[in-house]
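S.K.: Need coordinates for the below:
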Amino acid sequence: MMKILLSYSLFFALLALSNGKWLRSIDSNDIRSISAGNMLGKCRGYCRRSINMTVDPLQIIAMNEPNYEQLDYPPTQRQFLFSLVEWQQILSLIDSERFQALNDQIECSSECYADWVQWIQIDWIDNSSKQITFHGTTVPGFEMLVEKLNQMKEQYQV
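M.R.: Model (predicted):
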């Protein structure tokens, strides 16, 4: 009886430790929001477009903004609902540790457009965040994520 009680105690102690936040590294299940956008530098009108996805509430907010205040182009935004399945699909494209290890600024590749800047920001539930900017068409190791976010910026427009 004592062996069984000791075994159960050890099992539950290990279970509690493995689920302890202080032992875990940040993973994609800890993400609370993902934002992505792009900006054209020398531009008049709506030069910045972005989306912000949140898990609580499960929504996407799309925005269009000028680079500087322009009366003819006030910032606009629109809210969309999206599914938990879609959120999970996006999370499956993210390795949080690898994303956090990226440089904040990805250098221009051979496909570089000097005036065209894209960015991705991930916010975790522990209030940490990481934003990267890049001038090329993708981020090495995150090509599928960049492609999916660009598709979503086209799908969810103001």
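
S.K.: Show the subsequent helix or strand relative to the helix or strand bottoming out on mean pLDDT in the chain.
M.R.: Within the chain, no helix or strand scores below helix 2-18, which has a mean of 46 by mean pLDDT, DSSP states H and E. Helices and strands here follow DSSP states H and E; after helix 2-18, the next one along the chain is strand 31-40.

S.K.: tell me the mean pLDDT over that following strand?
M.R.: The average pLDDT for strand 31-40 rounds to 95.

S.K.: That strand packs against which elements?
M.R.: strand 48-55, strand 116-124, helix 143-155 (3 or more Cβ pairs under 8 Å, 6 or more residues apart in numbering; DSSP states H and E). Where C-beta positions appear, they are placed from N, C-alpha and C, glycine not excepted.

S.K.: Just put the ones you listed in JSON lines and tack on mean pLDDT.
M.R.: Formatted as JSON lines, the helices and strands packed on strand 31-40 follow (pLDDT from 0 to 100):
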{"stretch": "strand 48-55", "mean pLDDT": "96"}
{"stretch": "strand 116-124", "mean pLDDT": "94"}
{"stretch": "helix 143-155", "mean pLDDT": "95"}
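
S.K.: Could you export these as TSV, including mean neighbour count and distance to Gln77?
M.R.: Formatted as TSV, the helices and strands packed on strand 31-40 follow (neighbours: other Cβ atoms under 10 Å; distance: least, Cβ to Cβ, whole Å):
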stretch	mean neighbour count	distance to Gln77
strand 48-55	18	9
strand 116-124	19	17
helix 143-155	16	13
